[in-house]
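*Asks:* structure for this input, please:
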Amino acid sequence: MSETPAWKDGFPVRWSDDHHVTRREFARSLGAVSCAAFAASVSLAAIDALADKGPVEPKRVGSVAELPVGASKVFEFPKPGMPCLLIRLGNDRWVAFGQRCTHLGCPVVFRKERGQLECPCHEGFFNAEDGSVLAGPPPRPLPRVEIERRGEELWATAIRR
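*Replies:* The predicted structure is shown next:
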């Protein structure tokens, strides 16, 4: 009964030769994995760039009375899963920005006493007036959401990156 076990068909390398991997085989597999990772990154970037194109459907984000001066509110725009932050800076002044930090995507919060948006993850600071970078590692300003007042309602109409 010296029948060869079935598992040996799937593993043709002898146990004694298992530890031998040549540098060429290692470099070939490393190159293949690197190329696959690069292709995946390029594909995801292209999908993301194409997904942001096209017209955006306006969305009601609140009413004038529900947000006092100096307060902020989170809403999703232009589609679910994309958080934005609406801030009332004055009696007739509202601004809104994408809530994800441009450094690594942590959520930013509005600090009324400082008049700025802060990313608590890596200490990034943004101007609450225009979303520009004040300090820290963020490489670019926050995306700005256009807010339009329609009577007593506030509507998000577009996003500018």
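
*Asks:* next SSE after the top helix by length along the chain?
*Replies:* Ranked by residue count under DSSP state H, the longest helix found in the chain is helix 23-51. As assigned by DSSP states H and E, the chain's next helix or strand after helix 23-51 is strand 59-63.

*Asks:* packing partners for that next one?
*Replies:* strand 72-76, strand 83-90, strand 153-160 (3 or more Cβ pairs under 8 Å, 6 or more residues apart in numbering; DSSP states H and E). Using the backbone N, CA and C atoms, a C-beta is placed for each residue, glycine as well.

*Asks:* give me that answer again for 6 Å
*Replies:* strand 153-160 (3 or more Cβ pairs under 6 Å, 6 or more residues apart in numbering; DSSP states H and E).

*Asks:* note down every partner strand of the strand it packs on and its orientation.
*Replies:* With DSSP bridges as the criterion, the sheet partners recorded for strand 153-160 are strand 59-63 (antiparallel), strand 144-150 (antiparallel).

*Asks:* export it as PDB, just CAs?
*Replies:* Written as PDB, here are the backbone C-alpha positions of strand 153-160 (Å, rounded to 0.1, in the frame of the first residue of the first chain):
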ATOM      1  CA  GLU A 153     -34.300  77.000   3.300                       C
ATOM      2  CA  LEU A 154     -30.700  76.300   2.600                       C
ATOM      3  CA  TRP A 155     -29.700  74.200  -0.400                       C
ATOM      4  CA  ALA A 156     -26.400  72.700  -1.500                       C
ATOM      5  CA  THR A 157     -26.100  73.200  -5.200                       C
ATOM      6  CA  ALA A 158     -22.500  72.300  -6.300                       C
ATOM      7  CA  ILE A 159     -19.200  71.200  -5.000                       C
ATOM      8  CA  ARG A 160     -15.900  72.900  -6.100                       C
END
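
*Asks:* just the buried residues of that strand, please?
*Replies:* Within strand 153-160, the residues that count as buried by 16 or more other Cβ atoms under 10 Å are 154, 156, 159.

*Asks:* show me what contacts the residue lying closest to P143 once chain neighbours are set aside?
*Replies:* Nearest residue to P143 in three dimensions, chain neighbours excluded: G98, at 3.9 Å (Cβ to Cβ, 6 or more residues apart in numbering). For G98, the contacting residues are 84, 142-143, by Cβ atoms under 6 Å, 6 or more residues apart in numbering.

*Asks:* if you rank the residues you listed by neighbours, which is first?
*Replies:* In terms of neighbours by other Cβ atoms under 10 Å, these top out with L142 at 27 neighbours.

*Asks:* mind checking how far G62 is from P139?
*Replies:* From G62 over to P139 the distance is 30 Å, taken as Cβ to Cβ, to the nearest Å.
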